[in-house]
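In: Output the structure for:
(chains A and B)
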Amino acid sequence: DGGITQSPKYLFRKEGQNVTLSCEQNLNHDAMYWYRQDPGQGLRLIYYSQIVNDFQKGDIAEGYSVSREKKESFPLTVTSAQKNPTAFYLCASSREGQGKKTQYFGPGTRLLVL
Amino acid sequence: QKEVEQDPGPLSVPEGAIVSLNCTYSNSAFQYFMWYRQYSRKGPELLMYTYSSGNKEDGRFTAQVDKSSKYISLFIRDSQPSDSATYLCAMSVLGYQTGANNLFFGTGTRLTVIP
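Out: Below you'll find the predicted structure:
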């Protein structure tokens, strides 16, 4: 089955703790994205990567970090600097270059603060 | 002004009704238009994809693009309770822009179809 997997489904963070959300895709897509979704605010872009070993900040990158060491993987770390991390986090991927810009999403990770 | 505007609803309709969901946009360079459906606590799934102006039909779903008015619509015929979800529009420019994020989303419209 081709697709995007995210883990864990639920994640609990204590004060001052860094946590890492996993995103893996087997679609052979070049580009990957992280979004945060809050009620009534739609999708907000955190980081995106168009190629291995390169990534760019999105609209709300503060308090987050990413890495892109492999084409298939784009983990997101929510650092202690992110003061309001409770949200639904979505990973997506797409082909790059000319053509479709359609993004395909994973099932999401819900992060809650203890 | 946001690139993409979408009425958040909520929208409630009786089963069997025709549903119209809409988005407006400000960037005339948008050429690709998408609709995603998102069930509660799930990731969005691609529902419809259109390029440039015109209509595209897929079963009970019709996507319509009016570039002159910068307006896109998704129509759902014979709506079912299983259509209850949040619908997000998305759009992007033609061509490849290195280092740029090319996809812009609306905030989503929450739809409930009442049996």
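In: Next up, the contacts around A:K70.
Out: Shown in contact with A:K70 (CB atoms under 8 Å, 6 or more residues apart in numbering or on different chains): A:V52. Where you see a C-beta, it was placed from the backbone N, CA and C, and this is true even at glycine.
In: Neighbours of B:S28, how many?
Out: 10 (other CB atoms under 10 Å in any protein chain shown).
In: So which residues of the chain form strands?
Out: In the absence of a named chain, chain A is used. Along chain A, counting by DSSP state E, strands occupy A:4-7, A:10-13, A:19-25, A:31-38, A:42-51, A:54-57, A:64-66, A:76-78, A:87-94, A:104-105, A:109-113.
In: let's do chain B instead
Out: In chain B, strands defined by DSSP E lie at B:4-6, B:11-14, B:19-25, B:30-38, B:45-51, B:54-58, B:61-66, B:71-76, B:85-93, B:103-105, B:109-114, listed in chain order.
In: Generate JSON lines for the ones you listed, with mean pLDDT as supplementary columns.
Out: Rendered in JSON lines, the data for the strands of chain B read as follows (pLDDT from 0 to 100):
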{"stretch": "strand B:4-6", "mean pLDDT": "93"}
{"stretch": "strand B:11-14", "mean pLDDT": "96"}
{"stretch": "strand B:19-25", "mean pLDDT": "97"}
{"stretch": "strand B:30-38", "mean pLDDT": "92"}
{"stretch": "strand B:45-51", "mean pLDDT": "90"}
{"stretch": "strand B:54-58", "mean pLDDT": "90"}
{"stretch": "strand B:61-66", "mean pLDDT": "96"}
{"stretch": "strand B:71-76", "mean pLDDT": "96"}
{"stretch": "strand B:85-93", "mean pLDDT": "92"}
{"stretch": "strand B:103-105", "mean pLDDT": "87"}
{"stretch": "strand B:109-114", "mean pLDDT": "96"}
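In: Given the helix or strand bottoming out on mean pLDDT in chain A, what are its sheet partners and their directions?
Out: Of all the helices and strands that make up chain A, strand A:42-51 has the lowest average by mean pLDDT, DSSP states H and E, namely a mean of 90. Partner strands for strand A:42-51, per DSSP bridges, with pairing direction: strand A:31-38 (antiparallel), strand A:54-57 (antiparallel).
In: Out of those strands, flag the one nearest B:R110.
Out: Between B:R110 and the strands paired with strand A:42-51, the tightest spacing by CB to CB is seen for strand A:31-38, at 12.8 Å.
In: model confidence over that closest one, on average?
Out: Mean pLDDT, computed over strand A:31-38, is 94.
In: Let me know the angle separating that strand from strand B:30-38.
Out: With axes from the mean of the first three to the mean of the last three CA atoms, to 10 degrees as the basis, strand A:31-38 and strand B:30-38 are set at 60 degrees to each other.
In: Give me the contacts around strand A:31-38.
Out: Strand A:31-38 has contacts (CB under 8 Å, 6+ apart) with A:21, A:23, A:25, A:43-51, A:58, A:60, A:64, A:66, A:68, A:74, A:76, A:87-96, A:103, A:108, B:101.
In: All set now, cheers.
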